[in-house]
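> model this:
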Amino acid sequence: MNDLHLQTQTQTGTTQDQERVSRLRGALTQASLRNENVLYARTKGVSQNNGSFGFRPGYRDGASGEAVLSRFANGNPAPVHLLDGLPESWVLERDHEGHVTATRRDIVAGFILDGRFYTREEAIRATTH
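Numbering: from 1, shown residues only. Next up, the predicted model:
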């Protein structure tokens, strides 16, 4: 997906299902998080561009609706999206050092503000109002 296409989607808005289709299909991984950050780099859909609005990086389990903040492996809140602090039941794979390398398919990266989960697209829209 090129930047112009993403900017067009951002301007016109998308549903959560369309957003999930726009990111790489399959498990959430460090590589897919990097790709999302590249795609959203010039928008409020990344931590460094929306933190001043109070958004904190987090994740949502699409199956249960549960949302959690991004955390370091030791449980402390992280300033960016990290996989190591996710609930164990969300983890699909770990490397030989114990770091999370993939999550279940229904885990989505986004942001939490005032106890509510926002997808990257929703965070962008919320910061433009």
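> Now for the residue nearest the centre of the chain: which residues touch it?
Nearest to the geometric centre of the chain sits Ala109, at 1.7 Å (CA atoms, centre = their mean). Contacts of Ala109 were listed using CB atoms under 8 Å, 6 or more residues apart in numbering, and they are 28, 33, 36, 57-59, 81, 120. In this view, the C-beta of every residue, glycine as well, is placed from N, C-alpha and C.
> ok, so of those, who is nearest Asp114?
Gly58 (12.0 Å; CB to CB).
> Please give the element, helix or strand, for the closest one.
strand 56-61 (DSSP states H and E).
> Now do Cys77: how many residues are near it, please.
No, residue 77 isn't Cys; it's Pro. By other CB atoms under 10 Å, the residues close to Pro77 number 13.
> Show me just the buried residues among the contacts of Ala109.
Applying a neighbour-count criterion of 16 or more other CB atoms under 10 Å, the buried members of those are 28, 33, 36, 57-59, 81, 120.
> List just the nearest of those residues to Thr127.
Nearest to Thr127 among the buried ones among the contacts of Ala109, with distances taken as CB to CB, is Arg120, at 11.1 Å.
> isn't the closest one right next to Phe111, touching?
Yes - using CB atoms under 8 Å, Arg120 is in contact with Phe111, at 7.5 Å.
> contacting residues for Asn76?
Asn76 touches nothing, counting by CB under 8 Å, 6+ apart.
> Look up how far Trp90 lies from it.
Taking CB to CB, to the nearest Å as the measure, Asn76 and Trp90 are separated by 18 Å.
> same deal with Phe117?
Distance from Phe117 to Trp90, counting by CB to CB: 14 Å.
> again, but for Ser70
For Ser70 relative to Trp90 (CB to CB), the value is 12 Å.
> Strands along this protein, start to end?
For the chain, applying DSSP state E gives strands covering 56-61, 67-69, 91-94, 100-103, 107-113, 116-119.
> of those, which approaches Asn49 most closely?
strand 107-113 (10.8 Å).
> Parallel or antiparallel, which strands does the closest one pair with?
Strand 107-113 has the following strand partners under DSSP bridges: strand 56-61 (antiparallel), strand 116-119 (antiparallel).
> what's the offset of the shortest one from the middle of its chain?
Yep, that's strand 116-119 we're talking about. Offset of strand 116-119 from its chain centre (CA atoms, centre = their mean, to the nearest Å): 9 Å.
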